[in-house]
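*Asks:* Structure of the sequence below:
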Amino acid sequence: MAVIPVVLFHAHLGTSGGFVGVDVFFVISGYLITSLLLAELKGGSLDLPAFWERRIRRIFPALAVVTLASLATGWFLLLPTDYKELGESVSSLTVFCSNVFFWLHTNYFDGAAESKPLLHTWSLAVEEQFYLLFPLILLGLNRLRRGMAATAIAIICLGSFAISVDGVSHHPRVAFYLLPFRAWELSIGALMAGLPRRLFLPAWLRECLSATGLVSILYALFFYDAETPFPGFAALAPCVGTALFIYSNTGSLTTTGKLLSWRLFVFVGLISYSLYLWHWPVLVFANYWALEPPSLLHRIGLVGLSVIFAFLSYRYVETPFRRRSVFPDRVGIYRFACISMAALLLLGSAIGMLKGVGSRMPDTVIKYSDAQFDFEPVYTSELSLQDARAGRFLPMGSKQPGDPLDLLVWGDSHTKAVLPALDAMCRQHSLRAVAAAHSETPPLLDYVPDGIYSLRSEAPAVGEAIVAFVRANHIRNVLLAARWKGYRAGTSLTFHTAFVKTIAALRESGAKVWVMEEVPNFPLDVPKSLASAALFRHDPEKLNLPLASYRAQLVDQEREFLQVVGPGVVLLEPSTCLVRNSVAPVCLDGVPLYRDIHHLTTHGAMLLQPMFETMLSR
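*Replies:* Presented below is the predicted three-dimensional model:
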């Protein structure tokens, strides 16, 4: 129930909430480790070096093999940027901090996460931090006052849960990755370990508790998805469900307990750690250069391959170390761990410092891949509520700061992408302009976006401040640009209400409103797809987007925009500049026009100058 849902979730095989398998495992781990530690304390002493030796034998050998295999495979397959990040993640992994690394670099549910072979080790880092700290806490509490441990763990559990709930709302990535926000899940298992082993509950009640626990886990597996705010309150179902299942099956098995005791499930349990380690790198590397989503048969085959690797790893790596066939004495295993960790740390650091060793790849592949960095940092700053209220916007054009403003550009990251072209055109026409942009935040009034990088609850106040600025400074023109379909343009009453209100407020402020349609969105990352075409000698023109497909992307938003077009409201169409011979090309003259799926490169933005010329000359 811990590993199978995670594997199926990562392979897109039917468990939309399979990621909660990690939470199930956290509860199991808290229960198991605390049970072992309490048994030692009851015996009179707690041998920490022996405890950590067992953890090293359990975790490190298989992890080291998977890490080395990932580095070796990545040498041949990964682009320099991704290989550099792989090296950096290896360095963080060896010092038990990969969860911190991925918190700083990756949203677990982003598409970009599928290019990171060791992303799944974030949960191992949480476990390792728990293994280091919890025995010390338990030992200290036991020496301070016997019987105090349960109260302290309960306090830790409640405090961790409280900050987890708050973190999901205000700092979701922090809450997802870091131990303080996950400690309550481990603590639930620890509290279960402290309860009496002999149960004095009626059989029918144990059956009900066990079934309720299993149903709670299954509910999360099939009814949660990547949009579920997590962990926080949502993690209660799998965690409490796991605790109920464990407790009700203590001593003797219930009917549902016997169900999970089938030999097939027991076998999966035996290889579960290796299966967890191997499945994600297998999926990442197998699909890294794919130009279309893998088929069902392909995904099932990769899961089968992961099971084979997991069995071999369990048989020839895990088992010899755990049975002391390899490094039987404590000094030997500690020496092995230290030398291996130092070697991996140095290797990962070297790959990071060498920027992924770009010399591994042909120059053309590197040129296409580097398009992801084709943007001007000066245009990427994020507008804050304080900036908006103070009128501190990104300046553009050639006039002096005291001169009247001719144009305000308002939008999200798509706006940032086109600013180089607008800035150049404003300078050419001797116009003064400012830009107000924040990622995943549309240029709308009374609209609260839910993007992880968005302004969220501050967005309505920012919108009011921008309109007030337009009114106070008598700005004659306002350009609205965004990835409109990301906010359900043309399909949502919420969007429609906010859009109509925004247009009306700007017109009442005396501004002429220009609305720019969305640029083409491609099904796959453009720089990576072009690099793949160069590496495997495919025709890059096959990546171009047919005009009909682009027009289909615009149907809903055009329906929305045409309702407000009229006196003082003008629609700008990027297709006039970005479509050639009935296709939207991904590159021109060997230069990529997009730096990901839908953001223009600086070179691509400059192609929009004729469209902006039409606007500015009027």
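
*Asks:* Which stretches in the stretch 1-150 of the chain count as helices?
*Replies:* Here the stretch 1-150 of the chain has its helices, by DSSP state H, counting those that start in this stretch, at 3-10, 21-42, 48-77, 80-94, 98-105, 122-144, 149-170.

*Asks:* which helices and strands sit right next to the last one?
*Replies:* Using 3 or more Cβ pairs under 8 Å, 6 or more residues apart in numbering; DSSP states H and E as the contact criterion, the elements in contact with helix 149-170 are helix 122-144, helix 172-177, helix 179-194. (C-beta placed from N, C-alpha, C; glycine too.)

*Asks:* Redo those as TSV? Include mean pLDDT.
*Replies:* Formatted as TSV, the helices and strands packed on helix 149-170 follow (pLDDT from 0 to 100):
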stretch	mean pLDDT
helix 122-144	89
helix 172-177	92
helix 179-194	94
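
*Asks:* quick one: the strands in the stretch 451-600 of the chain?
*Replies:* 477-481, 512-516, 545-546, 569-572, 583-584, 587-588, 591-592 (DSSP state E, counting those that start in this stretch).

*Asks:* Can you say which of these is packed in most?
*Replies:* Most buried of these by mean neighbour count (mean count of other Cβ atoms under 10 Å) is strand 477-481; its value is a mean of 25.

*Asks:* by contact count, what packs against it?
*Replies:* Packing partners of strand 477-481 (3+ Cβ pairs under 8 Å, 6+ apart): strand 407-411, helix 413-428, strand 512-516.

*Asks:* per the record, what domains does the protein have?
*Replies:* In terms of domains, the chain is parsed into 3-357, 375-520+547-579+599-617 (source: automatic domain parsing).

*Asks:* What's the end-to-end length of the longest one?
*Replies:* It stands for domain 3-357. 34 Å (Cα to Cα, to the nearest Å).

*Asks:* what do you get for the last one?
*Replies:* With Cα to Cα as the measure, the first residue of domain 375-520+547-579+599-617 is 26 Å from its last.

*Asks:* That domain: how far from the chain's middle?
*Replies:* Relative to the centre of its chain, domain 375-520+547-579+599-617 is centred 27 Å away, using Cα atoms, centre = their mean, to the nearest Å.

*Asks:* what does stretch 49-66 give?
*Replies:* Remark: stretch 49-66 is offset 28 Å from the chain centroid, using Cα atoms, centre = their mean.

*Asks:* likewise stretch 24-36?
*Replies:* From the chain centre to the centre of stretch 24-36 is a distance of 26 Å (Cα atoms, centre = their mean).

*Asks:* for stretch 36-46, same thing?
*Replies:* The chain centre lies 40 Å from the centre of stretch 36-46; the measure is Cα atoms, centre = their mean.

*Asks:* ditto for stretch 211-227
*Replies:* That offset, for stretch 211-227, works out to 21 Å (Cα atoms, centre = their mean).

*Asks:* Check which residues of it are buried.
*Replies:* By neighbour count on 16 or more other Cβ atoms under 10 Å, the buried set for stretch 211-227 is Ala211, Thr212, Gly213, Leu214, Ser216, Ile217, Leu218, Ala220, Leu221, Tyr224.

*Asks:* need the strands of the stretch 451-600 of the chain in a markdown table with distance to Val526 and mean pLDDT, can you?
*Replies:* Formatted as a markdown table, the strands of the stretch 451-600 of the chain follow (distance: least, Cβ to Cβ, whole Å; pLDDT from 0 to 100):
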| stretch | distance to Val526 | mean pLDDT |
| --- | --- | --- |
| strand 477-481 | 19 | 97 |
| strand 512-516 | 20 | 96 |
| strand 545-546 | 10 | 95 |
| strand 569-572 | 22 | 95 |
| strand 583-584 | 11 | 96 |
| strand 587-588 | 8 | 92 |
| strand 591-592 | 6 | 94 |
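
*Asks:* Any idea which of these gets closest to Pro117?
*Replies:* Closest to Pro117 of the strands of the stretch 451-600 of the chain is strand 591-592 (Cβ to Cβ; 24.9 Å).

*Asks:* name the helices or strands packed onto the closest one?
*Replies:* The contact analysis (3+ Cβ pairs under 8 Å, 6+ apart) places strand 591-592 against helix 526-536, helix 602-606.

*Asks:* averaging pLDDT over each of these, which comes out lowest?
*Replies:* Sorting the helices and strands packed on strand 591-592 by mean pLDDT places helix 526-536 lowest, at a mean of 92.

*Asks:* list the helices and strands it packs on?
*Replies:* helix 363-369, strand 591-592.

*Asks:* Not counting its neighbours along the chain, what's nearest Ile163?
*Replies:* Phe181 (5.9 Å; Cβ to Cβ, 6 or more residues apart in numbering).

*Asks:* got a list of what that neighbour touches?
*Replies:* Ser160, Ile163, Ser164, Gly167, Val174, Ala175, Pro231 (Cβ atoms under 8 Å, 6 or more residues apart in numbering).
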